[in-house]
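Peer 1: using only what follows, build the 3D model:
(one chain, ligands or ions: 1)
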Amino acid sequence: MNSIIEIKDVTWRRDDKTILEDVNWKVNPGEHWAVLGLNGSGKTTLLNMINGYIWPTKGQVSVLGHRFGEVDLRDLRKSIGWVSSSLQERIYANERTQHVVISGKHASIGLYEKPTEDDYAQAVMWMKQLGCAHLYDRVYQGCSQGEKQKILIARALMASPKLLVLDEACNGLDFISREALLKSIQELAVSPDAPHILFVTHHIEEIVPDFTHTVLIRRGTVFASGRTSDVLSSSVLSDFFETPVEVNWRNNRAWLTAGNDSSNIE
Ligand SMILES: Nc1ncnc2c1ncn2[C@@H]1O[C@H](COP(=O)(O)OP(=O)(O)OP(=O)(O)O)[C@@H](O)[C@H]1O
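Peer 2: As a prediction, this is how the structure comes out:
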C-alpha cells in the first residue's frame, strides 16, 4: 500500500459555502498524525470525508489504498475505528465495560449475539493494552470520563482497524486523566500491528512524540503539514494562529504560551 490516506486537490462546497478548499494531504505507512485546528476549521468535515460520509465536490480521496468511487465504503469503514464524543453519548447506560468493548467487533451499539470465550479474551487483551483491565465488569456509565475514553478506544480496537481516528479524545479530562490517556495512546502507537492513528485536537500540548506528523488545518485549507518537530515551531504557529506565540519543547512535547504581544487574542 503506497499510502494510508491520500487527499488530492479536494474541495467541498455546501450551499454557497466552501468548507474545504484545495486540500492536499498524504499519510504514509508507519506514520501517526495529529490533526490540529481551531473551532470550525474543517477537521470534522475532513474526517467525515475520510470515512466516506461525504463526497468531495472536486478532487480525489484514497483511504487504505482504495480510491473512492472504486470501493464499497461499507467494507472500507470496517477497517476504520472512530472514537468521538457522539459515540460516547450513544452507549447504553447500564452496559458492562467488557460488553461495550466486545460490541466494537461489529461496530454495534449493544450486543446482538452472545459473546464467545474468544471475544472475552480479546476484550481483556485490549483493555490491558489501554491500561483499563481493572475496569472489567464495571458499569460503563459509572466510569470516569478518562476511563470511558480508554474503553471506547479498546472497543474500536476489537475490529482490528488499520486506521484509528481519535476525535478530541482528551476533551473534558483533567490533567491527570489526560496524561494517563495520552500514555495509553502512546503505548498503543508503538505496539506491534498498531493501527495508524489520527489524533484530532485543539491543543498542542496533547501532541505526544509518537504522533510523528502533524497537519494544521485553517479555514478549510491545509496551512502546514509534515514532521511534528518542524510544524510545531514558534514561527509556523504564530503565522497559523495569526498572533505571536512561543513554543517550548520539553520531554519531546511542544508547550505553547502567548508571545509578547497577545493583544490579538480576544
Ligand atoms: N453539512 C454542512 N453544511 C453547511 N456547513 C457545514 C456543514 N458541515 C460543516 N459545515 C461548516 O463547515 C465549517 C467547518 O466545520 P467542521 O465541523 O468541519 O469544523 P471543526 O474543525 O471540526 O470544528 P470544531 O473543532 O469546532 O469541532 C464550519 O463553519 C461549519 O459550520
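
Peer 1: which bits of the chain sit near the ligand?
Peer 2: Neighbours of the ligand within the chain, by C-beta under 6 Å from any ligand atom: 14, 17, 19, 37, 39-45. All C-beta spots, glycine's among them, are computed from the backbone N, C-alpha and C.

Peer 1: show me which of the residues you listed are buried.
Peer 2: 19, 37, 41-45 (16 or more other C-beta atoms under 10 Å).

Peer 1: can I get these in JSON lines including distance to residue 59, secondary structure and pLDDT?
Peer 2: JSON lines is the format used below for these (distance: C-beta to C-beta, whole Å; DSSP: H, G, I helix; E, B strand; the rest coil; pLDDT from 0 to 100):
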{"residue": "19", "distance to residue 59": "13", "secondary structure": "strand", "pLDDT": "96"}
{"residue": "37", "distance to residue 59": "19", "secondary structure": "strand", "pLDDT": "94"}
{"residue": "41", "distance to residue 59": "18", "secondary structure": "coil", "pLDDT": "94"}
{"residue": "42", "distance to residue 59": "14", "secondary structure": "coil", "pLDDT": "95"}
{"residue": "43", "distance to residue 59": "17", "secondary structure": "helix", "pLDDT": "94"}
{"residue": "44", "distance to residue 59": "18", "secondary structure": "helix", "pLDDT": "92"}
{"residue": "45", "distance to residue 59": "13", "secondary structure": "helix", "pLDDT": "94"}
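
Peer 1: wait, residue 168 touches residue 203, no?
Peer 2: No - using C-beta atoms under 8 Å, residue 168 makes no contact with residue 203, being 9.1 Å away.

Peer 1: out of those two, which sits in the more crowded spot?
Peer 2: Set residue 168 next to residue 203 and count neighbours by other C-beta atoms under 10 Å: residue 168 wins out with 18 against 13.

Peer 1: just the strands in this structure please.
Peer 2: 5-14, 17-27, 33-37, 58-63, 66-67, 80-83, 163-167, 196-201, 213-218, 221-227, 245-250, 253-258 (DSSP state E).

Peer 1: just the C-alphas of the third one, formatted as CSV.
Peer 2: C-alpha atoms of strand 33-37 as CSV (Å, rounded to 0.1, in the frame of the first residue of the first chain):
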residue,chain,number,x,y,z
TRP,A,33,-0.7,12.0,12.7
ALA,A,34,-2.0,14.8,14.9
VAL,A,35,-4.7,16.9,13.2
LEU,A,36,-4.8,20.4,14.7
GLY,A,37,-7.2,23.2,14.0
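
Peer 1: residue closest to the middle of the chain?
Peer 2: Residue closest to the average C-alpha location in the chain (C-alpha atoms, centre = their mean): residue 166, at 2.4 Å.

Peer 1: hang on, isn't that one packed against residue 195?
Peer 2: No - look at residue 166 against residue 195 with C-beta under 8 Å: they stay out of range, at 10.3 Å.

Peer 1: pull out the buried positions in stretch 229-236.
Peer 2: 231-232, 234, 236.

Peer 1: and stretch 151-171, by the same measure?
Peer 2: Buried-residue list, stretch 151-171, by 16+ other C-beta under 10 Å: 151-159, 161-171.

Peer 1: alright, that wraps it up for me.
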